[in-house]
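Chemist: Got a predicted structure here, sequence first:
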Amino acid sequence: MKKLSIRARVTLWFSAALVLLLALTAFLILSVDRQIVLKTVRDNLIEAVERNVDEVEYATREEALHPAPDTDLFLPWQEGYLEIDDDYLDEVNGIYTSLCEPDGSLLYGENPIMRASSALPLTDKTVQTCESGGVRYYLFDRKLTAEGVEGLWLRGVVAQTQGNVQIGAVARISLLLMPVLALLAVVGGYLIAGRMLRPIREISAAAEEISTCGDLKRRIALKPGGDELHQLAGNFNRMMGQLETSFEKERRFTSDVSHELRTPASVIQAQCEFALEAPRTEEEYVHALESIDRQSRKMSKLINEMLAFTRLERSPDLYPQQKLDLSDLVRGVCEDLALLREKGICLRAEVADGVTVRGNPELLTRLLTNLIGNAYRYGKENGSIQVRLTAEGGDALLRVADDGIGISESDQKKIFDRFYQADPSRAAAGSGLGLAMADEIARFHDGSLTVESRLGEGSVFTFRMAECR
């Protein structure tokens, strides 16, 4: 069973359930049908006898001598005759009707179980049963009360087997139709199961192709549909899109890291080779060591920032969030960084009181530090940096504005990418990870980081996250 395909197992279980259901249905139909048919047989018997009550009339001698054209039979009775339409006494649908005298003796008609039924008294309007030759019969009696026929009885007789004929017909039809219906249902179920499971086969084929060829662009193409398997296929396609995006980011990240590390590593190697090739002066040795120190510090900073990125992406549990006063945090960072006064730039802060959020203080400090550091790096001589924290509409808004060189519209779409630097001439001033890290921290806090900037006029970075009451 475990080795069968899902399609085969679904069809097998469906077929077994269907056969069981059909068998139960057939049993119920035959059981109920038998009761209905036997009741119908009894009802037909009563109806036939009741209909014949009015077919027996008393006629005078004069009427018997001059019968009407449609009169069939006259039987002597007392001072006159019994006028009988002999057609009504014929066997109809297995029902026999007989005209009996008060003592039960047969006067006219037919009773196939006369000897067995004679033991049963004539009882008006009552269905009785008796057996003859191993067959059960139903009997129904009616006492005649019309003028001249008082005391005569009509007795109707029908065999129970008359109902068995109808039941047998139903059984034969059931035996013929149910297997055909079962076969059609099984074949239809097998085809429908195959159609329903097509997305799974597509997913399996896509997964196999990806594992074989490594093609993350592979997608499942299905006709429109809204069932669970179509949703599964859609989720698979979205998952593959995210994997492709993540893989492309990792590939680009690896390439960028290699590129960023290649330059300081090459400089360190060149300076070491220069110092070891031949005896150098003290000044040359000092110059080489200073160059090696600068490049090693740059590499160390780059590696630390990449490790911070990796920890944030892969191990978010390392940065637990808590309720904190963002106002105090921003004031503290601004007070510390205002002491730098790089290039004569003045840092001012306008902080609203009581702005509370739920976040990680270490990461939020780093986000603000990166934004202010970026403003220092690209600010103009003797310029200014304005940091402003407010609460608006249930959100905390942190803005860092500078009057530096600004960012072109085309570069604004790329500045949050890793290792991207809008001004290559200042590449040595940073690693190209500051804004990317700030954007990652913003998304970690379910917030957003946006920029508004014009070349030559400066930039405004806005960080928005939900305020915590």
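Modeler: Everything's here; your move. Since this is a predicted model, take the numbers as computed values, not measurements. Numbers count the residues shown, from 1 in each chain.
Chemist: just for the stretch 151-300 of the chain, where's the confidence low?
Modeler: Low-confidence regions of the stretch 151-300 of the chain, defined by pLDDT under 70, span residues 163-175, 196-197, 220-223, 227-229, 253, 256-257, 259-260.
Chemist: Which parts of it are strands?
Modeler: 153-159 (DSSP state E, counting those that start in this stretch).
Chemist: and the residue nearest to residue 252 when sequence neighbours are not counted, how many residues sit next to it?
Modeler: Ranked by C-beta to C-beta, 6 or more residues apart in numbering and with sequence neighbours excluded, the top spatial neighbour of residue 252 is residue 418, at 7.7 Å. The C-beta positions use only the backbone N, C-alpha and C, and glycine is treated the same way. Residue 418 sits with 21 neighbouring residues when counted by other C-beta atoms under 10 Å.
Chemist: any idea whether residue 418 is helix, strand or coil?
Modeler: With DSSP: H, G, I helix; E, B strand; the rest coil as the basis, residue 418 sits in coil.
Chemist: what's the answer for residue 389, then?
Modeler: Reduced to three states with three-state DSSP, the structure at residue 389 is strand.
Chemist: Domain map for the protein?
Modeler: For the chain, automatic domain parsing gives the domain ranges 6-168, 228-312, 320-466.
Chemist: Distance to residue 187 for those - can I get that in a markdown table?
Modeler: Supplementary listing: the domains of the chain in a markdown table, determined by distance: least, C-beta to C-beta, whole Å:
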| stretch | distance to residue 187 |
| --- | --- |
| domain 6-168 | 9 |
| domain 228-312 | 21 |
| domain 320-466 | 53 |
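Chemist: any idea which of the ones you listed is most buried?
Modeler: Most buried of these by mean neighbour count (mean count of other C-beta atoms under 10 Å) is domain 320-466; its value is a mean of 17.
Chemist: Show me the helices in the stretch 251-400 of the chain, by range?
Modeler: Residue ranges of the helices in the stretch 251-400 of the chain, as given by DSSP state H, counting those that start in this stretch, are 282-314, 326-337, 361-378.
Chemist: now the ones you listed as a markdown table including distance to residue 156?
Modeler: Written out in a markdown table, the entries for the helices of the stretch 251-400 of the chain read as follows (distance: least, C-beta to C-beta, whole Å):
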| stretch | distance to residue 156 |
| --- | --- |
| helix 282-314 | 94 |
| helix 326-337 | 101 |
| helix 361-378 | 100 |
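Chemist: So which of these is nearest residue 466?
Modeler: helix 326-337 (11.3 Å; C-beta to C-beta).
Chemist: Quick one: mean pLDDT over the closest one.
Modeler: For helix 326-337, mean pLDDT rounds to 92.
Chemist: contact partners of it?
Modeler: By C-beta atoms under 8 Å, 6 or more residues apart in numbering, the surrounding residues in contact with helix 326-337 are 347, 349, 351-357, 359, 361, 364-365, 368-369, 372-373, 376, 387, 389, 396, 398.
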